[in-house]
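Peer 1: Model the following, please.
(chains A, B, C and D)
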2 protein chains.
Amino acid sequence: MSDTPEKPGTPDLQEPSLDEQIAAYQREFRDLDPQVEQIVSALGRLNRRMNVAYGRQVSDLGISNAEWEVLKTLVLAGAPYRLGPGELAKRLGLTPAAMTHRIDRMAGEGLVTRDRDESNRVRVIVELTDEGRTKWLAAMRMATDFEEELLQDLSGDERGVLGEMLIRLLRRVEHAQPDAGGRLTDLD
Amino acid sequence: MSDTPEKPGTPDLQEPSLDEQIAAYQREFRDLDPQVEQIVSALGRLNRRMNVAYGRQVSDLGISNAEWEVLKTLVLAGAPYRLGPGELAKRLGLTPAAMTHRIDRMAGEGLVTRDRDESNRVRVIVELTDEGRTKWLAAMRMATDFEEELLQDLSGDERGVLGEMLIRLLRRVEHAQPDAGGRLTDLD
DNA sequence: TCTGAAGACTTCAAAGCTAAAGTTAGAGCT
DNA sequence: AGCTCTAACTTTAGCTTTGAAGTCTTCAGA
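Peer 2: Numbering: from 1, shown residues only, chains lettered A, B, ... in the order given. Here you go, the predicted model:
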C-alpha cells in the first residue's frame, strides 16, 4: 500500500537504469557500441515517458491520446479543418478500418462531424467541431507547457544543436525507401 | 497501383514535411516555440519510423516487436534468463493480464518456457529457451546494424553530445514523480 | 445506355490489450 | 489446526486495431 499512487491505465514501468541496461547488454553482446546504444535507448525511453505524460494531460480533457492525434491532424490541415477518413488514416498511419471506428467515437463525442461529400457521394468529410477545436487548443497549451519544462535544462544553443541532429537522423530514416533488404522504412 | 509496395500490416504513413507541419502549427497557435516543436516532433517521428523498421526486421525472424521486447528483457536479466510474469510486466509496462497472454503465445512458439516455482508455488518462472536466445541474438545483430546506419552521419563527438543531451532530458522525465498537477510522469 | 472496373469507405472476424473479478498458495494470528 | 490476509497470477468482458471481405458510387468503354 506504499507504492506510487497512479492513475489507472498506467502500469508502473520499472526499468533498470539506462547505465545498468547498457552494461548488461555489453555482457551479453560483445559487439555493442555503447554510445549508439545510449542514444537509441534514450530515444525510446524518452518517447515512452512523453507519450504517457501527454496521455495523462489530455485525459483531463476527457479525450484519449488517439483522439488528440486526430484533432491535431485536422487542425494541421488548416481551416476549414476538413479531411476524408482515408487521408486521415494515411497521415496517422492507421488502417481505414480503424479510422472508421475512431471517427465513429469522436463524432459521438461531438469532437468532429462526419458527412458525405455532396459533390462526390463516395467520399466522406470529417470536420472539426468548435468543441473539437477548443479541446485541441487546451491540449496544445498543456503540451507546450510540458515540452518547455522538459527542455528547461537546455540552452537556446543546445536546443538548436539537438534539433538539427535529430532532423539529420529523421531525414535518414524518412528518405530510406521501402527496400528489398528490409531496412529503414516507415511508420508506426 | 503505382504506390509504394509495402509489407502488409504497415500502412503508408504520409505526413506533411516537418517544416510544413511547424509552419502550419504557427499559423494556428501563436505561442508556439518552433525550436521546441522541432525537437519534440522530430523525436516522435524518429521513434515511429524506428519502431516500424525494427518491426519489419524482426518479422523476418518470425517474431513480433512485442515478442522481441520480451526476449530483450529476459536477456537483460542475465543468465539463467529467468523472470516472473509480474516482473516482466513491470519492466515492459504491461498489465499482468497482457503478460499472461503474451507468455502463452511465446511458450507455444518455443521462445520461452513457463513453469511453477517449486520452492514457492504461487510464483511462475518464465525462462528463455535456446531458440529464444538465438532469435534475440539475430534480432540484436539486425538492430545494431540498423542503428549504426541511422547514426552514420554523426561523428563520434556529435554522438557524445547527442547522447548526453538525451540523457539530460530523460532524467527530467524519469525523475518527475507522479504528481498532483498531472505533469511529467511515466510509462508508455 | 449498359457493363465492368476502380476507388473510398464500412463491416466482420480475429488478435492483443486493459480493468476488474476470480484463484490459489503462503504467512501471520489465535 | 483454523482463519484471514496478501501476493501473484489467471480469467472474463469489453475496446481498439488489423486484414479481408463487402457495399456503394463514379467513370470509362462498348
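
Peer 1: only C-alpha atoms for contact and neighbour calcs from this point on.
Peer 2: Noted.

Peer 1: Low-confidence stretches in chain A?
Peer 2: By pLDDT under 70, the low-scoring segments of chain A are A:1-12, A:176-188.

Peer 1: Which residues of it lie near DNA strand D?
Peer 2: By Cα under 7 Å from any atom of the strand, the residues of chain A that approach DNA strand D are A:1, A:66, A:93-99, A:101-102, A:105, A:118-122.

Peer 1: Tell me which helix or strand A:T73 sits in.
Peer 2: Under DSSP states H and E, the secondary-structure element containing A:T73 is helix A:65-76.

Peer 1: Is DNA strand C within reach of stretch A:80-95?
Peer 2: Yes. Using Cα under 7 Å from any atom of the strand, stretch A:80-95 reaches DNA strand C at A:84-87.

Peer 1: Adding secondary structure, neighbour count and distance to A:V75, write those out as a markdown table.
Peer 2: Shown next, in a markdown table, are the residues of stretch A:80-95 next to DNA strand C (DSSP: H, G, I helix; E, B strand; the rest coil; neighbours: other Cα atoms under 10 Å in any protein chain shown; distance: Cα to Cα, whole Å):
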| residue | secondary structure | neighbour count | distance to A:V75 |
| --- | --- | --- | --- |
| A:G84 | coil | 18 | 13 |
| A:P85 | helix | 22 | 15 |
| A:G86 | helix | 18 | 16 |
| A:E87 | helix | 16 | 14 |
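
Peer 1: Can you confirm whether the top helix by length along chain A lies near chain B?
Peer 2: Identified as the longest helix of chain A according to DSSP state H is helix A:34-59. Yes. Helix A:34-59 comes into contact with chain B (Cα under 8 Å from any Cα of the partner chain), by way of A:35-36, A:38-40, A:42-53, A:56-57.

Peer 1: quick one: is that helix near DNA strand C?
Peer 2: No. No part of helix A:34-59 sits near DNA strand C under the criterion Cα under 7 Å from any atom of the strand; the closest distance found is 11.3 Å.

Peer 1: Provide a list of residues in contact with A:V40.
Peer 2: Contacts for A:V40 (Cα atoms under 8 Å, 6 or more residues apart in numbering or on different chains) come out as B:E147.

Peer 1: Contact partners for the residue lying closest to A:V126 once chain neighbours are set aside?
Peer 2: Leaving out its chain neighbours, the residue that sits closest to A:V126 by Cα to Cα, 6 or more residues apart in numbering or on different chains is A:R114, at 4.7 Å. Each residue near A:R114 by Cα under 8 Å, 6+ apart is listed here: A:103, A:107, A:124-127.

Peer 1: likewise A:L166?
Peer 2: Residues near A:L166 by Cα under 8 Å, 6+ apart: B:39, B:42-43, B:46.

Peer 1: before we move on, back to that, ok now the longest helix of chain A, how far from the chain's centre?
Peer 2: Distance, stretch centre to chain centre, for helix A:34-59: 11 Å (Cα atoms, centre = their mean, to the nearest Å).

Peer 1: same deal with stretch A:17-30?
Peer 2: The chain centroid and the centroid of stretch A:17-30 are separated by 28 Å under Cα atoms, centre = their mean.

Peer 1: Next, the buried residues of it.
Peer 2: Buried residues in stretch A:17-30, counted by 16 or more other Cα atoms under 10 Å in any protein chain shown: A:18, A:21-22, A:24-26.

Peer 1: ok, the residue nearest to A:V126 to B:R121 distance?
Peer 2: To B:R121, A:R114 is 55 Å away according to Cα to Cα, to the nearest Å.

Peer 1: swap in A:V124?
Peer 2: Using Cα to Cα, we find A:V124 at a distance of 57 Å from B:R121.

Peer 1: Between the two, which is the more surrounded one?
Peer 2: Remark: of A:V124 and B:R121, A:V124 carries more neighbours, 17 against 9, as counted by other Cα atoms under 10 Å in any protein chain shown.

Peer 1: For the more buried one, which non-adjacent residue is spatially closest?
Peer 2: The nearest residue in space to A:V124 (Cα to Cα, 6+ apart) is A:R116, at 4.4 Å.

Peer 1: can you give me phi and psi for the one you found?
Peer 2: Dihedral pair for A:R116: phi -80, psi 140, per degrees, to the nearest 10.

Peer 1: which residues does it contact?
Peer 2: Going by Cα under 8 Å, 6+ apart, the list of residues near A:R116 reads A:122-125.

Peer 1: from the contacts of A:R114, which two are the most distant?
Peer 2: Greatest spatial distance among the contacts of A:R114 (Cα to Cα): A:A107 and A:V124, at 13.0 Å.

Peer 1: which stretches of chain A form strands?
Peer 2: Taking DSSP state E to define them, one finds strands in chain A at A:82-83, A:112-116, A:124-128.

Peer 1: can you redo the ones you listed as TSV with distance to B:E158?
Peer 2: TSV is the format used below for the strands of chain A (distance: least, Cα to Cα, whole Å):
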stretch	distance to B:E158
strand A:82-83	40
strand A:112-116	44
strand A:124-128	43
